[in-house]
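K.L.:
Next come a sequence and a model predicted from it.
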Amino acid sequence: MRWILILFSTALLVVVTHANELNTVNGITQVVVPAAASPAEQFAADELARYIGKMTGAALPVIAEDSDRFDGRALVVGRTTANLRDHNPDNWARDTIYLGYGDGDIAIIGQGPQGTLFAAYEFLRHQGCRWYLPDHIIDEIVPRRAELELPESPLQHTPTFVERGWHPHPSSPGAFKVHINKWATRN
């Protein structure tokens with residue numbers, strides 16, 4: 001009976017340890033959004049958590065900045081107090097993005113209402129995620145990996161073109177389907 005109890009305790013310890021490992025990647029334990037996140041900021045955070053989960057198996061929770069934070073690093077998405085203390089996206093050129101790689105939390109923020117979403121997808125593209133076609137033929141490429149590839153230096157990028165987006169010709173049948181809009185935003 002004692003051997004069964006020891007075996008069960010050891011198995012339980014392994015399961016608990018493995019579960020804790022699955023909730024962190026590169027020391028990142030959460031995705032943080034502003035207390036009153038815009039729909040684009042919330043969607044960006046949800047997409048980051050979802051695709052990081054697909055890549056690494058880590059289940060990162062999305063929490064509001066005014067919630068209790070977990071120990072560890074965070075992806076800090078959008079116009080949080082911390083991001084706005086260090087950055088002023090209102091003074092950036094249209095759709096400029098910033099990925100705050102380096103030590104500590106990683107700021108993911110962009111100029112304008114869709115800039116943060118563009119920044120989130122740029123982060124995911126740096127991890128190898130791709131969305132080649134708008135239809136479900138080759139819907140997405142999501143690499144499996146144990147850890148994320150995080151450069152040491154921050155990245156700030158301003159798009160070359162003033163207008164970003166997908167503008168199909170009105171004569172194209174079905175050109176304005178929702179899945180095309182999602183694909184265009186990711187790319």
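P.N.:
Thanks, I have it. Numbering: from 1, shown residues only.
K.L.:
Let's verify the closest residue in space to residue 78 that isn't next to it in sequence: helix, strand, or coil?
P.N.:
Closest residue to residue 78 apart from its sequence neighbours, by C-beta to C-beta, 6 or more residues apart in numbering: residue 41 at 3.5 Å. Where you see a C-beta, it was placed from the backbone N, CA and C, and this is true even at glycine. Put simply, residue 41 is helix when judged by DSSP: H, G, I helix; E, B strand; the rest coil.
K.L.:
before we move on, what about residue 121?
P.N.:
Secondary structure state of residue 121, per three-state DSSP, is helix.
K.L.:
That one and residue 47 touch, don't they?
P.N.:
Yes: if you go by C-beta atoms under 8 Å, residue 121 and residue 47 touch, sitting 7.3 Å apart.
K.L.:
List the contacts of the host helix or strand of residue 55.
P.N.:
Using DSSP states H and E, residue 55 falls within helix 39-56. Helix 39-56 is contacted from outside by 25, 28, 31-34, 37, 58-62, 75, 77-79, 108, 113-114, 116-117, 119-121, 123-124, 127-129, 142-148, using C-beta atoms under 8 Å, 6 or more residues apart in numbering.
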